[in-house]
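**Student:** got a structure for you, letters missing:
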């Protein structure tokens, strides 16, 4: 029967995978409160396409609050119109897209292997090591993606963590999708620690 530590590790990996997918797919990494005339999340070609008071994700940007309306009519995929928006994104943004895509895949692999480990009683195989390796990779990918996005968004777009109460500012704010990615990073770290403990216990036994 699987130990409590293994079950806890699998649950943490499950939470990590779900949070990573949610952050990856939702358009709420940055919330612009004024006109964004720079490169970030804009087509960069026609002034009318600039992002104004909109939510920006890794793959889509939506004018207005998509969470409140649930309407995709005001959203534009970065890959539409022959990759019009995507081609004008800065290199660091594309790197974050790639890191998050690989993080989704590695977290799902860690979850599948972790679930397999619950019913694997073979002494010659140790799926815990493989699950631990993939969740460690997920943690590294998420950590780099979150750090790069946070730092570069602040440098390039003056993104802020919270709205300043003392001065009037229309700088963009980090949206809830970004914070979900931060939470996924933390859960991946906890999962890595749990699988490390599982590995140490297996060595002792």
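**Tutor:** Happy to help now that I have it. Quick caveat: nothing in here was measured; it's all calculated off a predicted structure.
**Student:** what about the residue lying closest to residue 173 once chain neighbours are set aside, how many residues nearby?
**Tutor:** The shortest distance from residue 173 to any non-neighbouring residue, by C-beta to C-beta, 6 or more residues apart in numbering, is to residue 31 (4.8 Å). Every residue, glycine included, has its C-beta placed from N, CA and C. When counting by other C-beta atoms under 10 Å, one arrives at 20 neighbours for residue 31.
**Student:** one more: residue 75?
**Tutor:** By the criterion of other C-beta under 10 Å, residue 75 has 17 neighbours.
**Student:** repeat for residue 79
**Tutor:** 13.
**Student:** thought it was touching residue 58?
**Tutor:** No. With contacts counted by C-beta atoms under 8 Å, residue 79 stays clear of residue 58, the gap being 11.4 Å.
**Student:** now the helix ranked longest in the chain: buried residues?
**Tutor:** Looking across the chain with DSSP state H, the single longest helix is helix 127-157. Buried positions in helix 127-157, judged by neighbour count with 16 or more other C-beta atoms under 10 Å: 127-128, 130-143, 145-146, 149-150, 152-153, 157.
**Student:** which elements pack onto it?
**Tutor:** helix 4-25, helix 91-118, helix 176-204 (3 or more C-beta pairs under 8 Å, 6 or more residues apart in numbering; DSSP states H and E).
**Student:** buried residues in stretch 18-33, which are they?
**Tutor:** Applying 16+ other C-beta under 10 Å to stretch 18-33 flags 19-24, 26-32 as buried.
**Student:** other SSEs contacting the very next helix or strand once past the longest helix of the chain?
**Tutor:** Tracing the chain past helix 127-157, the next element assigned as helix or strand by DSSP states H and E is strand 173-174. When contacts are defined as 3+ C-beta pairs under 8 Å, 6+ apart, strand 173-174 packs onto strand 30-31.
**Student:** is residue 30 in a bridge, and if so with what?
**Tutor:** residue 56, residue 174 (DSSP bridges).
**Student:** I'd say residue 171 and residue 158 touch.
**Tutor:** Yes. The pair residue 171 / residue 158 is scored as a contact, 4.4 Å apart, by C-beta under 8 Å.
**Student:** where does the prediction get shaky in this protein?
**Tutor:** 1-2, 34-39, 42-53, 64-74, 120-126, 163-170, 199-205 (pLDDT under 70).
**Student:** 90 instead, please
**Tutor:** Counting by pLDDT under 90, the chain shows low-confidence ranges at 1-10, 26-28, 30-91, 93, 113-133, 153-175, 194-205.
**Student:** and the longest helix of the chain, how far out from the chain's middle?
**Tutor:** In terms of C-alpha atoms, centre = their mean, to the nearest Å, the centre of helix 127-157 is found 8 Å from the chain centre.
**Student:** by how many degrees do that helix and helix 4-25 diverge?
**Tutor:** 30 degrees (axes from the mean of the first three to the mean of the last three C-alpha atoms, to 10 degrees).
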